[in-house]
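**Q** could you look at this predicted model? Sequence included:
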Amino acid sequence: MGSFAAATLLSSSPSSSPSPHFFSSSFILFHRPLARWLASCFSSSSPVRSYLSSCFVGRGRGHFCVLPGRAFNHLHSAPEEPVVPADASIVSDLLAFLNESWTPFHATAEAKQLLLAAGFQLLREEDEWKLIPGGRYFFTRNMSTIVAFAVGQKYQPGNGFHVIAAHTDSPCPKLKPVSAISKSGFLNVGVQTYGGGLWHTWFDRDLSIAGRVLLKLTDGSLSHRLVKVMRPIMRIPTLAIHLDRSVNTDGFKPNLESHLVPILATQLKSGIATNDVPTKFHHPPLLQLLAEELQCTVEEIADLELNVCDTQPSCLGGAHEEFIFSGRLDNLASSYCALRALLDTSKDPGDLVDETSVRMVALFDNEEVGSDSAQGAGSPTMFQAISRISKVFSGTSLHEGLVERSIRRSFLVSADMAHALHPNYSDRHEDHHQPKLHEGIVIKHNANQRYATTAATAFLFKEVAKARAIPTQNFVVRNDMGCGSTIGPILASGIGIRTVDCGIPQLSMHSVREICGTGDIDISYNHFKAFYELFHSIDCQLVIDG
Ligand SMILES: [Zn+2]
């Protein structure tokens, strides 16, 4: 493991070759950036990463940090005591999740790995489900939507579901079915825009591709594989100022068909004559890169679904390392906080002993394009999951109104990112609803039901926060501006579930590179945990109907 050698070079110990004894008996002096890099070498569930992360996340200053060697004990034996404090920041884990999750497929795969590592059992929607009280399960659909749930030990059919929902997709260019374009001596890659991206931000970025590939192997078998080319292989160049003198006064207005076309290579280096017409759907160098990643032949690649991705890793930023600079914060930040809240409130045997409900996370694909797909929030995915779980526990005799009663007792937290007040455009926010970074989850209101929040759902969600002294904020859009929407109204109207729309405040939403505050990540995570742990006891005190 190369990371050990790097750590040893900066160690305060004279030892030149690390051993188990070395790590368990000494303190290690880490250069802060090295600690960050080394942390990224370990899995997101690794105590070593959590320990390393604790030295660069938070308020610590200086170029070096000291870590006790016992942080590495588990590499050689099981740790004698937990090395991760219960309330450790999850920011570094979120960064790792973001860096893995270039596409909804990868976000789902990463979530799947975290759930499996925590002992959740994988279900298939095609199979008959056998569930038990206290059991923890999940399923994926299209490998881009994932639903995980933990059944309370005291759950009875007809009881409620406490759900946090978010989305796995983000705006990006996607490869066209026929992407090979040859023009002006270049091999270009034809793309279609997905969602409402700030497309100008994709120019002059170091880009690559990721997604899924269908293989038809030489032995005749079929295979579905995820792929990610880590190095920058493409670029969408801007036009030089000398050839576009008015761009700073008239604005940058690229034509999305003709100007938003990445270049992959030159025809010269690819050995292709200028007048050659592409013979394959995709350029041979692109297929070759995929084949190398997948360790297959170009001929075995039968079909593909690829996103254009920014290769710059997600990172901390700002003078106090208080910002996260990253793509896809909308909405992987919410997705990760929700997932971790479920994992961390159902990991110990005692966590579900007194639980009477089902704790659920639902992360959907296709929110950015309206959610109308077989795996989007507009599909019956969540309703079917609630219905199936209710029926499994009711046994052979179906009770009257079983699913309907369950839904009326259920509650949905629709978590999607929110617009923080932008210092350079502060007039775009209504005067009394100006969410700030580090000041808590933003509860979104809209009288015209672009958000599904009601006074009652907002109140209950805020009561959960108050019980743990967690701050919240409010947002309503100005009357002279249009309002966005999200999965909350779709799920609320489709299922009839009480819903609060809320989100982590951020800037630059739908840019290739967005910004949010580290404080709000921890606040959201703790608010979501409180929701799972406290909601029922608060909800049962408030009667609205009947
Ligand atoms: Zn979103």
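**A** Looks like it arrived, so ask away.
**Q** contacting residues for Arg428?
**A** Neighbouring residues of Arg428 by Cβ atoms under 8 Å, 6 or more residues apart in numbering: His422, Arg478, Met481. Glycine gets a C-beta too; all of them are placed from N, C-alpha and C.
**Q** any idea how the chain splits into domains?
**A** Domain assignment of the chain by automatic domain parsing yields the ranges 2-88, 92-170+327-539, 172-310.
**Q** need these in CSV (columns: distance to the ion and mean pLDDT).
**A** What follows is those, written out as CSV (distance: least, Cβ to the ion, whole Å; pLDDT from 0 to 100):
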stretch, distance to the ion, mean pLDDT
domain 2-88, 22, 41
domain 92-170+327-539, 4, 97
domain 172-310, 9, 95
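**Q** which stretches in the stretch 301-450 of the chain count as strands?
**A** For the stretch 301-450 of the chain, applying DSSP state E, counting those that start in this stretch gives strands covering 301-310, 315-317, 323-326, 358-364, 411-415, 418-419, 441-444.
**Q** name the element Ala148 belongs to?
**A** strand 145-151 (DSSP states H and E).
**Q** equivalent analysis for Pro285, please.
**A** helix 284-294.
**Q** quick check: closest non-adjacent residue to Gly152.
**A** Leaving aside its chain neighbours, Gly152 sits nearest to Glu355 (2.9 Å; criterion: Cβ to Cβ, 6 or more residues apart in numbering).
**Q** isn't that neighbour up against Lys154?
**A** Yes - applying Cβ atoms under 8 Å as the test, Glu355 and Lys154 come out as touching, 6.3 Å apart.
**Q** if you count surrounding residues, which of the two has more?
**A** Shown here are Glu355 and Lys154; by other Cβ atoms under 10 Å, Glu355 has more neighbours (23 against 14).
**Q** contacts only, for that one.
**A** Ala150, Gly152, Gln153, Lys154, Tyr155, His536.
**Q** hmm, back to that, what angle sits between the strand holding Ala148 and strand 358-364?
**A** Interaxial angle of strand 145-151 relative to strand 358-364 (axes from the mean of the first three to the mean of the last three Cα atoms, to 10 degrees): 180 degrees.
**Q** sheet partners, orientation included, of strand 145-151?
**A** Applying DSSP bridges to the sheet, strand 145-151 is found paired with strand 136-141 (antiparallel), strand 358-364 (antiparallel).
**Q** which other residues reach the shortest one?
**A** Applying Cβ under 8 Å, 6+ apart, the external contacts of strand 136-141 come out as 108, 112, 115, 118-125, 129, 131, 146-151, 346, 374-375, 379, 381, 385.
**Q** just name the most buried of the strands paired with strand 145-151.
**A** With neighbours taken as mean count of other Cβ atoms under 10 Å, these reach their highest mean count in strand 358-364, at a mean of 27.
**Q** kindly export it (C-alpha atoms) in PDB.
**A** Only the C-alpha atoms of strand 358-364 are listed here, as PDB (Å, rounded to 0.1, in the frame of the first residue of the first chain):
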ATOM      1  CA  VAL A 358     -40.400   1.700   9.200                       C
ATOM      2  CA  ARG A 359     -37.500   4.000   8.600                       C
ATOM      3  CA  MET A 360     -36.900   4.500   4.900                       C
ATOM      4  CA  VAL A 361     -34.600   6.300   2.500                       C
ATOM      5  CA  ALA A 362     -35.600   6.600  -1.200                       C
ATOM      6  CA  LEU A 363     -33.100   8.000  -3.700                       C
ATOM      7  CA  PHE A 364     -34.600   8.500  -7.100                       C
END
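**Q** tell me the angle of that strand relative to strand 411-415?
**A** 30 degrees.
**Q** how far does strand 358-364 sit from the chain's center?
**A** 14 Å (Cα atoms, centre = their mean, to the nearest Å).
**Q** list of residues touching that strand?
**A** By Cβ under 8 Å, 6+ apart, strand 358-364 touches 107-108, 111, 145-152, 155, 159-168, 335, 338-339, 341-342, 345-346, 352, 371, 375-377, 381-382, 385, 389, 487, 532.
**Q** repeat the analysis, applying 6 Å as the threshold.
**A** Residues from elsewhere that reach strand 358-364, judged by Cβ atoms under 6 Å, 6 or more residues apart in numbering: 145-151, 155, 161-168, 335, 338-339, 342, 376-377, 382, 532.
**Q** farthest from the middle of the protein: give me that residue.
**A** Asn275 (43.4 Å; Cα atoms, centre = their mean).
**Q** now stretch 418-433: buried residues?
**A** Judged by neighbour count (16 or more other Cβ atoms under 10 Å), stretch 418-433 contains these buried residues: Ala418, His419, Ala420, Leu421, His429, His433.
**Q** can you show me the helices along the stretch 101-250 of the chain?
**A** With DSSP state H, counting those that start in this stretch as the criterion, the stretch 101-250 of the chain has helices at 104-117, 247-250.
**Q** how about those helices, which one is nearest Phe203?
**A** Phe203 lies closest to helix 247-250 among the helices of the stretch 101-250 of the chain, at 11.2 Å (Cβ to Cβ).
**Q** quick revisit: so how far is the strand holding Ala148 off the chain centroid?
**A** Distance, centroid of strand 145-151 to centroid of chain: 15 Å (Cα atoms, centre = their mean).
**Q** for that strand, C-alpha coordinates in PDB please.
**A** Only the C-alpha atoms of strand 145-151 are listed here, as PDB (Å, rounded to 0.1, in the frame of the first residue of the first chain):
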ATOM      1  CA  THR A 145     -32.700   4.500  -7.900                       C
ATOM      2  CA  ILE A 146     -32.300   2.900  -4.500                       C
ATOM      3  CA  VAL A 147     -34.700   2.300  -1.600                       C
ATOM      4  CA  ALA A 148     -33.500   1.200   1.800                       C
ATOM      5  CA  PHE A 149     -35.500   0.500   5.000                       C
ATOM      6  CA  ALA A 150     -35.200  -0.700   8.500                       C
ATOM      7  CA  VAL A 151     -38.300  -2.300  10.100                       C
END
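**Q** report the buried residues of the top strand by length along the chain.
**A** Secondary structure of the chain read by DSSP state E shows that its longest strand is strand 172-183. Residues Cys172, Pro173, Lys174, Leu175, Ser179, Ala180, Ile181, Ser182 are the ones in strand 172-183 that count as buried (16+ other Cβ under 10 Å).
**Q** what about the longest helix in the chain?
**A** helix 518-539 (DSSP state H).
**Q** report the buried residues of it.
**A** By neighbour count on 16+ other Cβ under 10 Å, the buried set for helix 518-539 is 518-536, 538-539.
**Q** follow-up on the earlier one: and the strand holding Ala148 with helix 518-539, angle?
**A** 50 degrees.
**Q** just to revisit the earlier point, nearest to Arg408, out of the helices of the stretch 101-250 of the chain?
**A** Of those, nearest to Arg408 by Cβ to Cβ is helix 104-117, at 28.3 Å.
**Q** which other helices and strands does that closest one contact?
**A** Applying 3 or more Cβ pairs under 6 Å, 6 or more residues apart in numbering; DSSP states H and E, one finds that helix 104-117 makes contact with helix 91-100, strand 145-151.
**Q** winner for burial among those?
**A** strand 145-151 (a mean of 26).
**Q** got a list of contacts for that strand?
**A** 108, 111, 115, 133, 135-140, 342, 346, 352, 358-365, 375, 385.
**Q** who's the closest residue to Asp303 other than its chain neighbours bridged to?
**A** Leaving out its chain neighbours, the residue that sits closest to Asp303 by Cβ to Cβ, 6+ apart is Leu214, at 4.2 Å. For Leu214, the beta-bridge partners under DSSP bridges are His224, Asp303.
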